[in-house]
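A.B. asks: give the three-dimensional model of this entry:
(chains A and B, ligands or ions: 1)
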Amino acid sequence: MKKSKKQTGECHDCGEAKELIARYVGGDEDEELARRLLLHAQTCSECATLLRSLRRLVHYCSLEPTCEMPVTVRRELWVTIQREIHTRRRE
Amino acid sequence: MPEHKQLAVSPLPLPVPDDVLVRRVQAGNTEAFEELVRRYERKVYNITYRLMGNEQDASEALQDAFMRAFRFIGKFQFKSSFFTWLYRIATNVSLSKLRKREKVQTVSLDQPVNEAGDLPFEIPDIKYGPEKLMKQRELRAALQKAVEELPEDYRSVVVLRDLEGLSNEEVSKVMHLSVAAVKSRLHRGRLVLREKLVSYL
Ligand SMILES: [Zn+2]
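C.D. replies: Take a look at the predicted model:
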């Protein structure tokens, strides 16, 4: 199992930062955490990039519109439901 | 009891809570079940679609999920909200169908990712220009594809949390996981997505 190490290679004191990033992006509201993270990100471009891209990712996901349910899908669903209900009533 | 403001005009009747509808179904009222279906069909379709990745499979999973819900609603014990129970059924049905499907489709690593890297990160606004709309579309397609390729454990958590907007707590109820486990899977899933979508981020 050879795996490229290049992602973790450049950063020295990033273990903690990576942990903080996980918590921060995961929704932990904590000013102290955010402050320490920002401080680190100012000196470490790798963590800064990671942080930025994760936040964008989460943001993009949140913008994803609801997919429309196609009319045919809905029709099939209701045929199934009606059939199921009908069967139940006859039991 | 929350206090409701006095309205001069008569307010619309409040929607019947899910739990009340469930009790009616349990007592044999099938119309109440139809109401629950109307309430959640779109949401459930979204979950099955995100997990399955195509309309046909999503449609089957959707039907299965509601059929099972109907058959087993008698056993529902109100320990969770109805929707987390329903979402759990939908998630399980989808995942078991996925396992059967045994994704053989190979992943094309050189799928077109045009203009790599220069997607601007302003809050994307779909209302603006056709070019932006194109990129938006590209991103959405890439996102859906990347989500489909996520390992199962991560995928359901990412779909429910990031795409369907449930809270960590709600996801933990749907998935029967601890909140800590949800967070950890979520983070690992996001890291995988990030690698795949790096040119858009
Ligand atoms: Zn760092």
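
A.B. asks: can you tell me the closest non-neighbouring residue to residue A:13?
C.D. replies: Spatial nearest neighbour of residue A:13, chain neighbours left out: residue A:40 (7.5 Å); criterion: CB to CB, 6 or more residues apart in numbering or on different chains. C-betas here are computed from N, CA, C, even on glycine.

A.B. asks: burial count for residue 86?
C.D. replies: If you meant another chain, say so; for now it's chain A. A count of nearby residues for residue A:86, using other CB atoms under 10 Å in any protein chain shown, gives 10.

A.B. asks: look at chain B instead
C.D. replies: Residue B:86 - counted by other CB under 10 Å - has 26 other residues nearby.

A.B. asks: can you give me the pLDDT of the residue nearest to residue A:13?
C.D. replies: With respect to pLDDT, residue A:40 scores 89.

A.B. asks: from chain A, how far out is residue B:81?
C.D. replies: 20 Å (CB to the nearest CB, to the nearest Å).

A.B. asks: which per-residue confidence value corresponds to residue 44?
C.D. replies: No chain was given, so I picked chain A. Confidence score, pLDDT, at residue A:44: 90.

A.B. asks: nope, chain B please
C.D. replies: pLDDT, residue B:44: 97.

A.B. asks: do the same with the one 5 residues further on
C.D. replies: Model confidence at residue B:49, expressed as pLDDT, equals 94.

A.B. asks: cool, the one 5 residues further on as well?
C.D. replies: pLDDT for residue B:54: 91.

A.B. asks: and it, backbone torsions?
C.D. replies: phi -150, psi 160 (degrees, to the nearest 10).

A.B. asks: what is the neighbour count of it?
C.D. replies: Residue B:54 - counted by other CB under 10 Å - has 10 other residues nearby.

A.B. asks: quick one: it from residue B:91, how far?
C.D. replies: 17 Å (CB to CB, to the nearest Å).
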